[in-house]
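1. Okay, predicted coordinates and the sequence, questions at the end:
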Amino acid sequence: MRIDIVTIFPSFFDVLDLSLLGKARQAGLIEVAAHDLRDFTHDRHRTVDDTPYGGGAGMVMKPAPWGEALDSIVGAGESDALLVVPSPAGEPFTQATARELAAEQHVVFACGRYEGIDQRVVDHYATRMRVRLISLGDYVLNGGEVAVMAMIEAAGRLVPGVVGNPESLVEESHEDGLLEYPSYTKPAVWRGLEVPSVLLSGHHGRVAEWRHEQQVERTRRVRPELLDDDRPDAT
Ligand SMILES: NC(=O)c1ccno1
């Protein structure tokens with residue numbers, strides 16, 4: 001999987017050299033490159049924004065630097081790459097979205113700042129490639145960088161070979177539509193709190209049943225909307 005990120009803060013993504021994703025990059029499972037949008041400006045101040053047509057507060061990111069930056073990544077014609085633009089106006093980012101991104105060969109992330117990117121950038125590239133506006137949630141960030149970091153983390157860990165034990169990806173929140181069950185490790189008693197006895201029973205069938213019950217109970221309590229009516233275990 002190849003990831004390109006266009007941002008005015010490329011060093012923000014230096015952290016991707018660490019931990020699991022860092023190892024995945026060293027192993028060649030994921031390639032990541034951050035590009036400075038200001039490298040695609042031509043004035044002394046390396047200007048990337050201007051006042052909005054129609055007035056209003058804030059500044060809008062100019063289309064020209066974006067066009068040069070994105071063309072430097074995907075070329076001048078059509079592209080099979082996916083352009084992702086983090087935006088509060090986008091579709092919700094879910095585990096299913098993470099899986100979809102993980103299956104892509106090439107994802108280009110466009111990190112907007114200020115009041116956003118001139119709409120014509122999205123409109124133009126939508127004629128040449130797939131474009132998705134994606135939102136982390138119903139709140140506004142100062143820019144797309146934090147959202148892109150979360151998306152890269154969520155999708156990157158699903159790329160085959162990145163996580164050592166693929167089994168650990170299966171029993172996680174949202175993978176099967178439920179929140180994950182509570183986990184425990186040694187000691188069996190900690191500050192007077194005991195590990196549920198079923199987990200000490202060695203009876204795998206009972207442990208699996210208890211864990212599923214815990215998933216349904218936690219989901220019903222915290223995220224009842226995830227328990228759609230036709231789930232057999234939603235009753
Ligand atoms: N909610 C979001 O994903 C977002 C992206 C940029 N600003 O907000």
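-> Thanks, I have the structure now.

2. residues touching the closest residue to residue 174 other than its chain neighbours, list them.
-> Across the structure, with C-beta to C-beta, 6 or more residues apart in numbering as the measure, the residue nearest residue 174 apart from its sequence neighbours is residue 95 (3.9 Å). Every C-beta, even on glycine, is put in place using the N, C-alpha and C of the backbone. Neighbour list for residue 95: 154, 173-175 [criterion: C-beta atoms under 8 Å, 6 or more residues apart in numbering].

3. Please apply the same query to residue 173.
-> Taking C-beta under 8 Å, 6+ apart as the definition of contact, the neighbours of residue 173 are 95, 179-180.

4. what does residue 94 give?
-> residue 174.

5. Starting from the ligand, give me the distance back to the spatially most central residue of the chain.
-> The structure's the chain has its C-alpha centroid closest to residue 151; by C-alpha atoms, centre = their mean the separation is 1.2 Å. Between residue 151 and the ligand the computed distance is 9 Å (C-beta to the nearest ligand atom, to the nearest Å).

6. Am I right that that residue sits in a helix?
-> Yes: with the criterion set as DSSP: H, G, I helix; E, B strand; the rest coil, the secondary structure at residue 151 is a helix.

7. That one touches residue 98, doesn't it?
-> Yes: contact between residue 151 and residue 98 holds when scored by C-beta atoms under 8 Å: they sit 7.2 Å apart.

8. lowest-confidence helix or strand of the protein?
-> Lowest by mean pLDDT, DSSP states H and E among the helices and strands of the chain is helix 167-170, with a mean of 72.

9. What's the first helix or strand after it?
-> Going down the chain from helix 167-170, the next helix or strand is strand 189-190, by DSSP states H and E.

10. and that following strand, what other elements does it pack with?
-> Using 3 or more C-beta pairs under 8 Å, 6 or more residues apart in numbering; DSSP states H and E as the contact definition, strand 189-190 packs against no other helix or strand.

11. residue contacts, residue 219?
-> If a contact means C-beta under 8 Å, 6+ apart, then residue 219 has 178-179, 226-227 as its contacts.

12. Assign it to helix, strand or coil.
-> helix.

13. Before we move on, what's the pLDDT of it?
-> pLDDT, residue 219: 97.

14. Same question for residue 87.
-> 97.

15. which residues are in contact with the helix or strand hosting it?
-> Counting by DSSP H and E, the element that carries residue 87 is strand 82-92. Residues from elsewhere that reach strand 82-92, judged by C-beta under 8 Å, 6+ apart: 70, 74, 97, 101, 104, 106-112, 116-117, 122, 125, 129-141, 144, 147-148, 151.

16. Can I get the buried ones among those residues as something I can paste into PyMOL?
-> In PyMOL, selecting the buried portion of the contacts of strand 82-92, with burial taken from 16 or more other C-beta atoms under 10 Å, looks like this:
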select buried, resi 70+74+97+101+104+106+107+108+109+110+111+112+116+117+122+125+129+131+132+134+135+136+141+144+147+148+151
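
17. Give me every residue in the protein lying close to the ligand.
-> Selection of the chain residues close to the ligand by C-beta under 6 Å from any ligand atom yields 86-88, 135-137, 139-141, 144, 147.

18. Tell me how this structure divides into domains.
-> Partitioning the chain according to the TED database yields domains covering residues 2-166, 170-226.

19. Determine which stretch of those is the most buried.
-> Mean neighbour counts were taken over the domains of the chain using mean count of other C-beta atoms under 10 Å, and the top value, a mean of 16, falls to domain 2-166.
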